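Enquirer: no letters, just coordinates:
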Ligand code: C2E
Ligand code: MG
Ligand code: MG
């Protein structure tokens with residue numbers, strides 16, 4: 001009796017639905033077999049009337065959702081809930097994917113399953129999502145997209161390791177400030193293209209995290225060695241020259257990497273570890289790559305704290321200059337002294353320049369510190385000269401300082417105040433960005449030359465120094481980098497190349513200084529290739545000025561030409 005009335009009711013319901021419903025409706029048996037299909041389904045999904053009957057609802061919906069839907073239907077039938085709602089993907093009669101929103105209710109031992117299409121809404125939503133998660137300039141995901149991806153990866157593959165790389169473009173801020181934002185933007189786009197070309201399929205995810213930083217997720221990297229190998233590939237691929245508009249720029253990057261879950265179990269922790277590794281990489285002289293280790297966080301902490309203490313260091317005059325002798329290659333007599341900055345930190349003792357110069361440059365504090373150096377060196381020269389030692393001195397200036405034209409007036413003034421002739425002072429230029437066009441940078445160098453001071457090109461032969469630098473700067477002095485000195489010891493071709501370079505420098509009226517002489521063999525070889533002046537631990541490490549004075553008493557200096 002009960003069954004009979006049940007069937008009757010169902011029949012009645014079907015008639016009503018068939019006649020009135022605009023909605024897509026299915027009636028399902030307890031086991032999920034379709035018993036009724038509304039006519040609208042033909043129009044909306046292409047299924048002929050009756051063609052779905054006796055088929056399982058599960059054969060129409062996405063496999064991934066089947067278990068969930070089965071469970072939900074069970075709950076409905078056992079009267080735990082009165083209604084289930086949700087979205088899923090369904091295939092239409094021509095096998096196209098359609099997104100649907102469904103509502104299912106119980107009717108006796110049957111289920112009424114109504115649904116409507118949300119495909120176009122989904123698409124729109126996806127576009128909106130993309131607007132939120134995609135970086136406008138480079139068209140790759142932004143930091144929000146990165147966070148979402150990494151967090152999902154952690155959730156989905158519980159504990160399965162992956163590697164996060166963070167790439168930082170060095171000195172992009174200088175490019176933006178000096179050459180304009182659109183040049184900087186093109187640098188970014190160029191880097192993205194190169195990373196994509198290099199890594200292609202190997203990247204799992206690639207995003208722009210900050211103004212000048214990118215994040216990469218790579219899965220299935222076995223160990224530190226593999227991570228380092230990939231990091232090196234990145235450095236090799238991106239470091240180098242690019243032509244942006246009319247500027248020949250030298251681009252370099254720093255790379256930090258860390259492992260999930262070793263370096264942290266949450267997104268925040270992993271990113272912090274990666275950034276710490278990056279901080280350390282940035283302080284390195286040439287191959288700026290660091291993979292996170294627990295030790296890294298200590299060092300990064302130190303760098304971070306130092307950065308915050310720079311201002312106080314200036315106010316409390318914690319900086320000091322050490323001097324390293326530069327000697328005549330033939331006689332080893334002291335000709336000159338290079339001033340090298342040291343930070344005498346109240347807690348950490350003496351901190352070398354590579355650990356804080358980058359921070360001074362980024363914060364702009366290099367400008368006042370640079371002026372202080374000029375003043376100190378001029379006074380020091382006056383003192384030495386007064387004591388009867390007519391030696392020269394050199395000081396270092398980075399690109400940031402040379403973009404500030406006021407440095408010329410400072411040098412002029414300090415020379416006047418100390419009464420030292422400009423020819424005694426040399427300015428060593430080390431810089432990472434290279435600009436072939438006349439720029440503020442070259443104009444400052446020109447103005448300094450006009451004062452009568454010597455210009456020296458530092459670290460020649462390291463990284464990306466090129467002959468165009470010589471042509472641009474027309475230096476009086478060429479300083480061969482330590483790496484070149486090492487090469488001539490081990491490689492005959494390097495020896496020949498260096499010999500030719502030195503003779504070319506001489507023809508252009510330049511003096512050549514060899515840096516980093518540590519052994520007697522290096523001393524002999526550099527003298528053999530024709531270097532005029534030598535500098536290195538073999539003669540003396542950089543020492544405080546008082547010690548330097550006693551060194552001068554034991555060596556008779558030569559007068560500069
Ligand atoms: P640099 O101008 O090329 O200075 C030479 C560096 O090589 C110094 O390191 C010196 O201590 C080191 N050195 C000298 N002889 C030897 C040797 O025989 N073997 C080895 N292994 N190293 C040797 P330091 O003092 O740590 O300075 C590092 C860099 O920091 C300098 O390289 C320079 O680019 C920068 N720097 C130093 N002082 C200043 C400064 O006052 N202003 C600016 N802007 N940069 C500075
Ligand atoms: Mg130098
Ligand atoms: Mg050098």
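Expert: In hand now; what should we look at? Because the structure is a prediction, the values reported are computed rather than measured. Numbers count the residues shown, from 1 in each chain. Ligands and ions are numbered 1, 2, ... in the order given.
Enquirer: okay, CA-based contacts and neighbour counts for the rest of this
Expert: Noted.
Enquirer: was I right about residue 100 contacting residue 117?
Expert: Yes. Proximity of residue 100 to residue 117 meets the contact threshold set by CA atoms under 8 Å, at 4.6 Å.
Enquirer: mind checking the SS state of residue 258?
Expert: Recorded secondary structure, residue 258: strand (DSSP: H, G, I helix; E, B strand; the rest coil).
Enquirer: related to what we said a few turns ago, can you list residues touching both of residue 100 and residue 117?
Expert: Counting by CA atoms under 8 Å, 6 or more residues apart in numbering, residue 100 and residue 117 have no shared contacts at all.
Enquirer: need the residues of the chain near ligand 1, please.
Expert: 340-341, 352-354, 396-398, 459, 516-518, 535-537, 542 (CA under 6 Å from any ligand atom).
Enquirer: biggest separation within these, which pair?
Expert: 398 and 518 (25.4 Å; CA to CA).
Enquirer: and the pLDDT for residue 317?
Expert: pLDDT, residue 317: 85.
Enquirer: is it in a helix, a strand, or coil?
Expert: Here residue 317 is recorded as coil under three-state DSSP.
Enquirer: OK, contacts around the residue in the stretch 301-450 of the chain that ligand 3 sits nearest to?
Expert: The nearest approach of the stretch 301-450 of the chain to ligand 3 comes at residue 430, 7.6 Å away (CA to the ion). Residues near residue 430 by CA under 8 Å, 6+ apart: 396, 397, 398, 399, 457, 458, 459.
Enquirer: change it to 6 Å
Expert: Residue 430 makes contact with 398, 458, according to CA atoms under 6 Å, 6 or more residues apart in numbering.
Enquirer: what of residue 214?
Expert: Counting by CA under 6 Å, 6+ apart, residue 214 makes contact with 166, 167, 207, 208.
Enquirer: restricted to strands, list the residues you listed.
Expert: Using DSSP state E, 166, 167, 207, 208 are the members of the contacts of residue 214 that sit in strands.
Enquirer: tell me the one among those residues nearest to ligand 1.
Expert: Each of these was checked against ligand 1 using CA to the nearest ligand atom; the closest is residue 167, at 22.9 Å.
Enquirer: verify the stated contact: that closest one with residue 255.
Expert: Yes. Counting by CA atoms under 6 Å, residue 167 does reach residue 255; the two are 4.6 Å apart.
Enquirer: gap between the two ends of stretch 125-145?
Expert: Start-to-end span of stretch 125-145 (CA to CA, to the nearest Å) is 15 Å.
Enquirer: let me know the average pLDDT across that stretch.
Expert: Averaging pLDDT along stretch 125-145 yields 84.
Enquirer: list the buried residues of that stretch.
Expert: For stretch 125-145, burial by neighbour count (16 or more other CA atoms under 10 Å) applies to 130, 133, 134, 135, 138, 140, 141, 142, 143, 144, 145.
Enquirer: max pairwise distance over the residues you listed: which two?
Expert: Spanning the widest gap among the buried residues of stretch 125-145 are 138 and 144, at 14.6 Å by CA to CA.
Enquirer: quick one: the helices in the stretch 401-550 of the chain, in order.
Expert: Remark: helices assigned in the stretch 401-550 of the chain by DSSP state H, counting those that start in this stretch are 406-418, 440-451, 467-473, 482-490, 492-507, 520-529, 545-554.
Enquirer: format these as JSON lines; extra columns: distance to ligand 3 and mean neighbour count.
Expert: Formatted as JSON lines, the helices of the stretch 401-550 of the chain follow (distance: least, CA to the ion, whole Å; neighbours: other CA atoms under 10 Å):
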{"stretch": "helix 406-418", "distance to ligand 3": "21", "mean neighbour count": "17"}
{"stretch": "helix 440-451", "distance to ligand 3": "18", "mean neighbour count": "18"}
{"stretch": "helix 467-473", "distance to ligand 3": "15", "mean neighbour count": "14"}
{"stretch": "helix 482-490", "distance to ligand 3": "7", "mean neighbour count": "17"}
{"stretch": "helix 492-507", "distance to ligand 3": "16", "mean neighbour count": "16"}
{"stretch": "helix 520-529", "distance to ligand 3": "15", "mean neighbour count": "17"}
{"stretch": "helix 545-554", "distance to ligand 3": "20", "mean neighbour count": "14"}
